[in-house]
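Participant: Return atomic coordinates for the entry below.
(chains A and B)
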Amino acid sequence: MSVVTMRKARREQISRSIFTGLAFSSLLFLLGIIVILFKEGLPVFQQVSFFRFVTGAFWYPIQEPPEFGILPLLLGTAWVTFGAMLVCIPIGIGTALYLHEIAGPRQRALLKPLIEILAGIPSIVYGFFGMVIVAPFLQQLLNIPTGLCALTASLILGIMAVPTVGSLAEDALRFVPRSYREASYALGADRWQTMVRVVLPAAGSGISTAIILGMSRIVGETMTVLMVAGGAAVIPKGFLQPVRPMTSTIAAEMGEAVMNSPHYYALFAIGLLLFLITLIINLVAEMIGRRYRLHLGAGR
Amino acid sequence: MKSKQTQNLGFALLYLAMGITLIALGAILVFIIVNGIQVINWDFLTQPPRKAMTQGGIAPALVGTFYLTLSAIIFALPLGLACALYLVEYSPRGAVVSLIRMSINNLAGVPSVVFGLFGLTVFVKYCGFGVSILSGGLTLGIMILPGIISAAQEALMAVPQSLREASLALGASQWQTIRKIVIPTALPGILTGVILSVGRAAGETAPIMFTAATFYTRGFPESIFDEVMALPYHIYALMTEGTFPTRQTAIAYGCALILVILVLVISAAAIIIRQRQRNYEFVG
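Facilitator: I've put the predicted structure just below:
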């Protein structure tokens, strides 16, 4: 073997092993996140049992003695997420259907970048907009003591998730084979009937993936809820009350928590729960997505 | 005739959904542009804040965001590109690929504040970098990594197989083929991914809250171990701290406008690159 070929083969080997090593970085970071969250979060359970942590109604982390009950925070996340889903599901899917069924190629070429812009706006800008425009507006409109409440957070988070749900749902619609639609037309169905009874069900699992991923985005969103949800760590009784979701609790309190104090560990435990919740949501979405691809693959 | 009415009503709802989306986008852009443009001028961009953040500019925040974004890209681009190359070019066995794919997907779904917790523990605490550009940049880098990997992967997969085969047939090694044929061809797509990641890294707040950002610094950062002001965090600070809400809100509008302009520029760039690539493909 000549020197040149040998050098070439050597380089080949080196580059290959470098790429192989670096390719595992995502796995490494994901595992790292899991390890860190457990390591820094679990010590809080020496102070309070897991059951009391999750079901406790009082979050007084800096009081003496402290209370670490995150039920108000869990419910805050639940309320805000529920409200935001009510906004983003109809609007996101409606937008996707509009793009797919009504808009022509030229309109689509204009609208899709606009939706991309909506997706690109940073969450801090949404939060700021909610704080200075939406909250005062709703406060006056509904005559409530503060506009910074679960409703405002839900509205804004819902709009934020529209691009996620909309673009993924549109992808799902595009995957529906043309023949389905043509068969439906041939049977005398009109466009609406075809859309509702044939195209939507056929794209069903793709659309559910879109909704689930939208939900994952909403649950994990931090800055918006930190700025507009109001921040009261009490069990919410309605949409017009201020709430303090899990994400905003971490963001608001981590700066003040003394390192390695029970409060600090408790915030990491909240982060751990948050991570596990979104992980489960994402895994479910992935499972549905995989099944869906197989299903359509068989249909072709 | 009933189904005709149902169809009209149904389509009206779709128009409504699209309309709400566009109105929301329009409202955000109009309010921020109209209010923000009033405070933006040369001094606003080049001066530090004065008088407890009620006057002066936002220069240190701009510089801070630039450094943070730059370090995130420097960290994430080589790593992400290597990962994508491995997945696409070296096509390893099934189990390994699906394990890596799964971790990329799940990393992409991790809430941004959790990245902040990770960065706080690993970079600030364990590595001893402190609250600094380095800690924040690395944290942001890990956050944008999945996006860069998927963009690069897509770009690499779009490179026609025939180009690779032609190169290999001429006696080039795989590494030479990747370096001289595949990467240059996929460059526009990779670039789009990088640009979009710049937007994401520059606008994120939660990951840098505990790892890099501070409310106020006297001047510009001097090393990567300095804590910095950052544009998104500055908006948060202006809206939640301080004693002159009205004057601070005006400045926050200016910061928000700059972030919005960044998003618009990035979207425009992505569209242009995509368009060019499409033209190129037609010619090819």
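Participant: can you tell me which helix in the chain is longest?
Facilitator: The chain I'm using is chain A. Counting residues, the longest helix found in chain A (DSSP state H) is helix A:262-299.
Participant: wait, I meant chain B there
Facilitator: Of all the elements of type helix in chain B, the one with the most residues (DSSP H) is helix B:245-283.
Participant: And for the residue in the stretch 51-200 of chain B positioned nearest to chain A, nearest residue in space, chain neighbours not counted?
Facilitator: Nearest residue of the stretch 51-200 of chain B to chain A, counting by Cβ to the nearest Cβ: B:Pro111, 2.7 Å away. The C-beta positions use only the backbone N, C-alpha and C, and glycine is treated the same way. Among residues not flanking B:Pro111 along the chain, A:Gly220 sits closest, at 2.7 Å (Cβ to Cβ, 6 or more residues apart in numbering or on different chains).
Participant: Pull the number of nearby residues for the one you found.
Facilitator: For A:Gly220, the neighbour count with other Cβ atoms under 10 Å in any protein chain shown is 22.
Participant: got the contact list for the residue nearest the centre of chain A?
Facilitator: Centroid-nearest residue in chain A, with Cα atoms, centre = their mean: A:Arg217, separated by 1.2 Å. For A:Arg217, the contact set (Cβ atoms under 8 Å, 6 or more residues apart in numbering or on different chains) comprises A:Met160, A:Ala161, A:Thr164.
Participant: repeat that with 10 Å
Facilitator: A:84, A:88, A:119, A:123, A:157, A:160-161, A:163-165, A:278, A:281, B:109, B:111 (Cβ atoms under 10 Å, 6 or more residues apart in numbering or on different chains).
Participant: And B:Ser135, by the same measure?
Facilitator: B:68, B:71, B:119-120, B:122-125, B:127-129, B:207-208, B:210-212, B:224-225, B:227.
Participant: May I ask which helix or strand encompasses it?
Facilitator: helix B:133-157 (DSSP states H and E).
Participant: That helix versus helix B:245-283: what angle between them?
Facilitator: Helix B:133-157 and helix B:245-283 are oriented at 30 degrees to each other (axes from the mean of the first three to the mean of the last three Cα atoms, to 10 degrees).
Participant: in helix B:133-157, what counts as buried?
Facilitator: Across helix B:133-157, burial judged by 16 or more other Cβ atoms under 10 Å in any protein chain shown covers B:133-156.
Participant: ditto for stretch A:5-14
Facilitator: A:Lys8.
Participant: so for it, what's the average pLDDT?
Facilitator: The predicted model assigns stretch A:5-14 a mean pLDDT of 81.
Participant: do that stretch and chain B meet?
Facilitator: Yes. Applying Cβ under 10 Å from any Cβ of the partner chain, one finds stretch A:5-14 in contact with chain B at A:Thr5, A:Arg7, A:Lys8, A:Ala9, A:Arg11, A:Glu12, A:Gln13, A:Ile14.
Participant: In helices only, show me those.
Facilitator: A:Thr5, A:Arg7, A:Lys8, A:Ala9, A:Arg11, A:Glu12, A:Gln13, A:Ile14.
Participant: can I assume the fifth one is in contact with B:Trp175?
Facilitator: When you say that, I think you mean A:Arg11. Yes. Counting by Cβ atoms under 10 Å, A:Arg11 touches B:Trp175, with 5.7 Å between them.
Participant: Spit out the contact partners of the one residue in the stretch 201-300 of chain A that gets nearest to chain B.
Facilitator: Using Cβ to the nearest Cβ, the closest approach of the stretch 201-300 of chain A to chain B is made by A:Gly220 at 2.7 Å. By Cβ under 10 Å, 6+ apart, the residues touching A:Gly220 are A:77, A:246-247, A:274-275, A:277-278, A:281, B:109-114, B:206.
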